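S.K.: give me a model of this one.
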Amino acid sequence: MTATEIKNSVLAALAAVGAAAANSLGGWDALLELLVALMAADYLTGMVVAAVFKRSSKSDSGALDSRAGFLGITRKCAVLVLVYIAVLLDAAADTHYIRSAVVLFFAGNEGLSLLENLGLMGVPYPRFMRDMLQALRDKGDGGEHHEQSS
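M.R.: I've put the predicted structure just below:
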């Protein structure tokens with residue numbers, strides 16, 4: 001096998017895994033894209049807050065902590081497991097709203113966490129963004145407000 005064939009085989013395998021993952025999460029639509037983008041942005045800005053600004057609430061020193069980073073990734077994977085369960089619940093109940101509600105709730109949470117990170121970095125943002133993310137979270141939660149420890 002040539003280097004190009006190996007590269008193409010690896011890329012094809014990664015594409016197959018990605019397609020299977022997206023399909024199991026209800027398909028790659030605007031909601032899933034929003035959730036994944038917010039998760040990635042939240043994780044990256046959290047790392048910047050810790051590495052550059054040393055203002056992270058996830059470690060005693062405020063600096064980068066591999067355990068905190070691992071826990072963050074683990075929590076985000078757990079959210080995706082809940083999305084998968086919501087897909088299964090939608091199928092079992094023959095509905096199309098459970099996954100959407102779960103994704104909206106967690107998109108709101110991720111977005112609010114992202115804005116918190118940006119605030120720690122001193123980046124201003126329009127208030128309507130926070131209000132919209134809170135509305136997403138509330139809509140996904142059926143209007144109930146539950147505090148989540150992160």
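S.K.: show me where pLDDT drops low in this protein?
M.R.: Applying pLDDT under 70 to the chain picks out residues 143-150.
S.K.: please repeat the previous calculation with a cut-off of 80.
M.R.: 60, 142-150 (pLDDT under 80).
S.K.: count the neighbours of residue 103 for me.
M.R.: 26 (other Cβ atoms under 10 Å). C-beta here means a position set from N, CA and C on the backbone, and glycine is covered the same way.
S.K.: within the helices and strands, which one has it?
M.R.: helix 98-120 (DSSP states H and E).
S.K.: could I get the buried residue list for that helix?
M.R.: 98-100, 102-118, 120 (16 or more other Cβ atoms under 10 Å).
S.K.: just the helices in this structure please.
M.R.: Applying DSSP state H to the chain gives helices spanning 3-24, 30-48, 66-93, 98-120, 127-140.
S.K.: can you tell me which of those helices is most buried?
M.R.: The highest mean neighbour count among these, using mean count of other Cβ atoms under 10 Å, belongs to helix 98-120: a mean of 21.
S.K.: perfect, that will be all.
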